[in-house]
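**Q** sequence and predicted structure are below.
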Amino acid sequence: MDAQQPDCHVRQSLSNEQCYLEHDFLNYLRYHLGREQTSDIDYKLRALVLLVRDRLVENWKKTWASYHEQTPKRGYYLSMEFLIGRSLGNNLLNLGLEGNVDEALKALGEDLEAIEQQEIDAGLGNGGLGRLAACFIDSCATLQLPVMGYGLRYEYGMFRQLIKNGFQMEEPDHWLAFGSYPWELMRSEYTRVVKFGGYCRDYVNPKTDMHIVHWENADEVLAVPFDVPIPGYKNQTVNTLRLWHAKAQESFKFNAFNAGSYFEAVSAKNEAENITKVLYPNDTSESGKELRLRQQYFLVSASLQDVLANWERFNDGFDGFVDNNVFQLNDTHPSLAVAELMRLLVDDKRMCWEDAWQIVSATMAYTNHTLLPEALETWPGELMARLLPRPLQIIEEINRRFLREVSMKWPGDVDRQRRMSIIGEHGEVRMAFLALVGSYSVNGVAALHSELLKEGLFNDFYQLWPHKFNNKTNGVTPRRWMAAANPGLRALLDEVLGEEWVTDLSRLKTLESYLDDKAFRQTWRDIKLENKQRLAALIERETGVKVNPSALFDVQVKRIHEYKRQLLNALHVIHLYVRIKRGDTDNWVDRVVVFGGKAAPGYHMAKRIIKLINNIAKVVNSDPDVGDKLKVVFIPNYSVSTMEVIAPGADLSEQISTAGKEASGTGNMKFMMNGAITIGTLDGANVEIREEVGEENFFLFGLRAEEVQDRTGRYNPQDFINRDSDLQAVMHLLEVGHFNQHEYGLFDDLVGALKAYGEPWMTLADFRSYVDAQDQAAQAYADVERWTTLSILNTARSSKFSTDRTMQDYNDDIWKLDRVGVK
């Protein structure tokens, strides 16, 4: 049922487009949702999403038609995470509808910003890996590259973080509480079948004498696709993120139900749907490991079947497949794609091994995201044999042929063969090695990271195949992280640079010509203050702590991990507290230290660090001697939408991981783009940030990666305590339990780890250098004009860190896709 067409003459202040937007909003509210304008704001959100989705779908269909007509080479981005956050504001921005929708809603007495705030962050990812994937697909659409994302449609996100008595508590993140995601479209006609378990049976085709393997008696799970539109910026391109939902082949066993076996009647449904029930099940248990492996195989099998089926719709055979398809594996999680594509080609398409391997090894590309050996996934052989018997056979054959190549390169070097084998000494499958062997391109995500991969973690493979290795420094999308998250800055940049900067970040360099413009500098400071006031309101709402926006906002928000060294930041906070208590406050700069981030549920030390930070905050914030000189807050349930407020409001960006441990980092880039100044080590992308902004505009401290490597195994923290009275004072307060007076021994394990001989993160070794750099930052902040210059320069020199540049690099060097305009 459709209401009458809008009368655009009723409200002369509205344009035709605004009038139609108002009409469609009311139509969806009344006739699709059955509500009136007085309804709950959640219904207004859904009506607005449906209105925007209509306009996306029109361009979406045009995009598919353009791809079909022009038959370009296609790219497929496989990732276990896509941390897309809220979509409404970003989609309005990319469609160019922000102003018109705002005016149409105002005419109805509605507030667009209030409606946007009701949207729940999509629980499709956890941290940097997933957020990077989301930025990548945004930039691919903006660059009009024919790239499709493949992921899983998790019913529950990682978890919702609560802080109770300082402890992290986890509760389910049921982001699909209403049963569906309003942006998605179910495409059940493209449902695929994924196998688990069973056994393999070999036989020879008597007619062709071809050896054939059947994977039999397997449990089958349906992979149902849900498509999410990913619009480019004002270019009519809408690419697709396809998310797989697991569903049982037989959801209800009627005979079992009639026999009284009620649990058995639905057991298959429950077991199947567990695959996409939750992001990152706790894999400290065997059942958790099995579910994680099921998720990874489910993703790659469904996605590769989908690609092959689409190819076969328009092509006879696979002669041109290599020239027209490329798969990018986002970290080690999707590396089973190497074995699965071989299985599909050899078993299902009856291709010989050599021809299939030529296709696989020419279409797979692997991105590595870690330097920590323990983060490279391995799967027990017995688990693989039980769950994925046929893929394991294929991996074993890939390994056999690969080791033959290694032995030809280095005859008799048995140790090297053992180091490089995909199958470990205890039968475990090394997934990163599978990806390395099966891919034609292997890239790191920052210049330092890529070099360390070649020199250390993957050195054997680099010696064998140096041509495979390359670097692709990460980035972030300026649409979300500047234009949407920082409207004040966006308005200023539009005024002085023109709106084209949103897709051409190199224009930011022009800001340097405004360094001596007093009016521009004052406007810059006004925008930052307004953003800090927004952040202060968020802090008070989430923590109950009132902070002064004129103080230095010192921010560290990221996943909690020992190598990221939130503990070092906490030690500096204690040092500042000690200074205040002893009256050492000459030339003091008021400071608000902001923490945020989740710890994995099974990571004891990370959760203890959260508890310590909150205990320190409780002591510091309640001490009348401290007052506004120092405030400490931990923002719970850190998310994309939270970061959209934090990044524009930060003054000082804490990027303090142990050198040589962080692959890249992307939070550092978001802060830089929004005019924050970095205090950091020479780790990950910090190296390139410092190169771009200039060493005088970066607060550097700490050991270099080679120094960390040189001290490994012989580092004695006590040496650093003995020669630093400030560090002694900090450690004394921890050791006597000043921050846990009624929780005896609570932080003994943290103190013990800090002081342990050979402590791998070298936290105390960097303490003095870190304190000195913090003092330099405080002095710089006290000089308003100097800090303004630093802030402008950080934004002006941040263009390298746009994902538009990153994806162009991927395309130029790895994918070789043609840009496809949409008619």
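**A** Sure, I can see it.

**Q** need the nearest residue in space to R55, chain neighbours excluded.
**A** L95 (6.0 Å; C-beta to C-beta, 6 or more residues apart in numbering). Where you see a C-beta, it was placed from the backbone N, CA and C, and this is true even at glycine.

**Q** one more: W311?
**A** Excluding its sequence neighbours, the residue lying closest to W311 (C-beta to C-beta, 6+ apart) is F321, at 6.3 Å.

**Q** contacting residues for the one you found?
**A** By C-beta atoms under 8 Å, 6 or more residues apart in numbering, the contact set of F321 is 311, 315, 359, 363.

**Q** just the buried ones from the residues you listed, in PyMOL syntax?
**A** PyMOL command restricting the contacts of F321 to the buried ones, with burial defined by 16 or more other C-beta atoms under 10 Å:
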select buried, resi 311+359+363
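
**Q** which one of the contacts of F321 sits closest to F701?
**A** Of all the contacts of F321, F701 sits closest to T363, with 43.8 Å by C-beta to C-beta.

**Q** could you check how far that closest one is from M148?
**A** Using C-beta to C-beta, to the nearest Å, one gets 14 Å for the distance from T363 to M148.

**Q** quick one, helices of the stretch 1-150 of the chain?
**A** With DSSP state H, counting those that start in this stretch as the definition, the stretch 1-150 of the chain shows helices at residue ranges 16-27, 41-70, 88-95, 98-107, 112-116, 128-142.

**Q** mind putting those into a markdown table with mean pLDDT and distance to W353?
**A** As requested, these are exported to a markdown table (pLDDT from 0 to 100; distance: least, C-beta to C-beta, whole Å):
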| stretch | mean pLDDT | distance to W353 |
| --- | --- | --- |
| helix 16-27 | 91 | 56 |
| helix 41-70 | 95 | 32 |
| helix 88-95 | 96 | 45 |
| helix 98-107 | 94 | 54 |
| helix 112-116 | 95 | 53 |
| helix 128-142 | 95 | 32 |
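
**Q** what's the most buried one of those helices?
**A** Among the helices of the stretch 1-150 of the chain, ranked by average contacts under mean count of other C-beta atoms under 10 Å, first place goes to helix 128-142 (a mean of 26).

**Q** who does that helix touch, helix- and strand-wise?
**A** Applying 3 or more C-beta pairs under 8 Å, 6 or more residues apart in numbering; DSSP states H and E, we find helix 128-142 packed against strand 74-78, helix 88-95, strand 147-152, strand 219-231, strand 238-248, strand 325-330, helix 803-810.

**Q** can I get these in TSV with distance to L129?
**A** Output for the helices and strands packed on helix 128-142, formatted as TSV (distance: least, C-beta to C-beta, whole Å):
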stretch	distance to L129
strand 74-78	12
helix 88-95	19
strand 147-152	11
strand 219-231	18
strand 238-248	15
strand 325-330	7
helix 803-810	14
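
**Q** mean neighbour count, the ones you listed: which tops it?
**A** For the helices and strands packed on helix 128-142, the largest average neighbour count (mean count of other C-beta under 10 Å) is found in strand 147-152, namely a mean of 26.

**Q** so where's the protein uncertain?
**A** Counting by pLDDT under 70, the chain has low-confidence residues at 1-12, 251-266, 268, 281-282, 284.

**Q** 50 instead?
**A** Along the chain, segments meeting pLDDT under 50 span 1-3, 9.

**Q** I figured V194 was touching V224, is that so?
**A** No. Judged on C-beta atoms under 8 Å, V194 makes no contact with V224 at a distance of 11.0 Å.

**Q** the helices in the stretch 651-800 of the chain, which residues?
**A** Secondary structure of the stretch 651-800 of the chain (DSSP H, counting those that start in this stretch): helices located at 667-673, 686-693, 705-711, 717-722, 725-735, 748-755, 767-782, 784-796.

**Q** which elements pack onto the fourth one?
**A** The one in question is helix 717-722. helix 725-735, helix 748-755.

**Q** mind putting these in CSV, mean neighbour count included?
**A** Formatted as CSV, the helices and strands packed on helix 717-722 follow (neighbours: other C-beta atoms under 10 Å):
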stretch, mean neighbour count
helix 725-735, 16
helix 748-755, 16
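
**Q** with respect to F25, which of these lies nearest?
**A** Among the helices and strands packed on helix 717-722, helix 748-755 comes nearest to F25, with 52.9 Å by C-beta to C-beta.

**Q** show me what contacts L535?
**A** L535 neighbours (C-beta under 8 Å, 6+ apart): 549, 553, 594, 645-646, 648-650.

**Q** out of the residues you listed, which comes closest to N722?
**A** N722 has its nearest neighbour among these in V594, at 32.4 Å by C-beta to C-beta.

**Q** would you verify that that closest one is located in a strand?
**A** Yes. Assessed by DSSP: H, G, I helix; E, B strand; the rest coil, V594 belongs to a strand.
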